[in-house]
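Student: Show me the folded form of this:
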Amino acid sequence: MVSQKFKTVVQDLDVAKIQSHILVDINLDRNRESFLLAEYAAYADSVLASNGLSLFNEDNKDSRFISDSNSWDKKLWTDLRIELEYNFSRKRFNNIVTVMKHLRESGHPDFQPRIKPPKSAASSKNHSADSSDSQSSSNYNRNNFGLGALGGGLAGGVLGKMVGVTFGGVVLGVAVGLAAVYYLNQRNDE
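Tutor: Coordinates of the predicted model:
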């Protein structure tokens, strides 16, 4: 089911922002009970198409994807995730979803659903205790932005250096890192 928050993002018709949300969801979907990626992408692509836009870019045909599923592992998934970040094509999207499904079906521990423990009475706090937790949570969320920017910048810089555009890679990496942390914080607040 497509969340109301994602529908709101899609209604803005900002393709880059929608792609960023889906890229974050790729990481989250690894541990969800069911994959939401395809549903989110189909919804966004339909809304964008009705407005003369496309969710997907043209595929640049330069991919590490291999058709031999015996060679599919987390490293390939990570490589495909990075490739999708730089070339958000339908083919790359379908490839990563296929690899994720295979890794789940084959029992890879990083692609299995995680069940959240139910909230207990002990975790329910009174309002005064809540306010101090809210302050520390807010600080924690702000710290995550710095870490997201740093991690994204480092990853983007390394990848950018590999393709000869270091500064562009750093800038894109920082942007994706910040968008990912923002989206995760918003999702955790729900």
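Student: In this structure residue 64 contacts residue 81, no?
Tutor: No. Taking Cβ atoms under 8 Å as the definition, residue 64 is not a contact partner of residue 81, at 11.0 Å. Where C-beta positions appear, they are placed from N, C-alpha and C, glycine not excepted.
Student: which outside residues touch stretch 67-84?
Tutor: Residues outside stretch 67-84 that contact it (Cβ atoms under 8 Å, 6 or more residues apart in numbering): 23, 26-27, 62-66, 92-93, 95-96, 99-100, 102-103, 108, 110-111, 155, 159.
Student: Try it again at 6 Å.
Tutor: 26, 63-64, 92, 95-96, 99, 102, 110 (Cβ atoms under 6 Å, 6 or more residues apart in numbering).
Student: and that stretch, C-alpha only, in CSV?
Tutor: The C-alpha trace of stretch 67-84 is given here as CSV (Å, rounded to 0.1, in the frame of the first residue of the first chain):
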residue,chain,number,x,y,z
SER,A,67,22.0,-12.9,-15.4
ASP,A,68,23.5,-15.8,-13.5
SER,A,69,21.5,-15.8,-10.3
ASN,A,70,24.1,-18.1,-8.7
SER,A,71,26.4,-15.1,-8.6
TRP,A,72,23.9,-12.7,-7.0
ASP,A,73,25.0,-11.5,-3.6
LYS,A,74,24.8,-8.5,-1.3
LYS,A,75,27.8,-6.9,-3.1
LEU,A,76,26.0,-7.0,-6.4
TRP,A,77,22.9,-5.6,-4.8
THR,A,78,25.0,-2.7,-3.4
ASP,A,79,26.6,-2.1,-6.8
LEU,A,80,23.2,-2.1,-8.5
ARG,A,81,21.8,0.3,-5.8
ILE,A,82,24.6,2.7,-6.5
GLU,A,83,24.1,2.3,-10.3
LEU,A,84,20.4,3.1,-9.9
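Student: Residue 64 and residue 81: which has the busier surroundings?
Tutor: Ranked by neighbour count (other Cβ atoms under 10 Å), residue 64 and residue 81 place residue 81 first, with 17 against 11.
Student: Where does that one fall, secondary structure wise?
Tutor: Assigned by DSSP states H and E, residue 81 falls within helix 74-86.
Student: and the angle from the very next helix or strand once past that helix to helix 74-86?
Tutor: With elements assigned by DSSP H and E, the helix or strand that comes after helix 74-86 is helix 90-105. Calculated by axes from the mean of the first three to the mean of the last three Cα atoms, to 10 degrees, helix 90-105 forms an angle of 150 degrees with helix 74-86.
Student: Kind regards, and thank you for your time.
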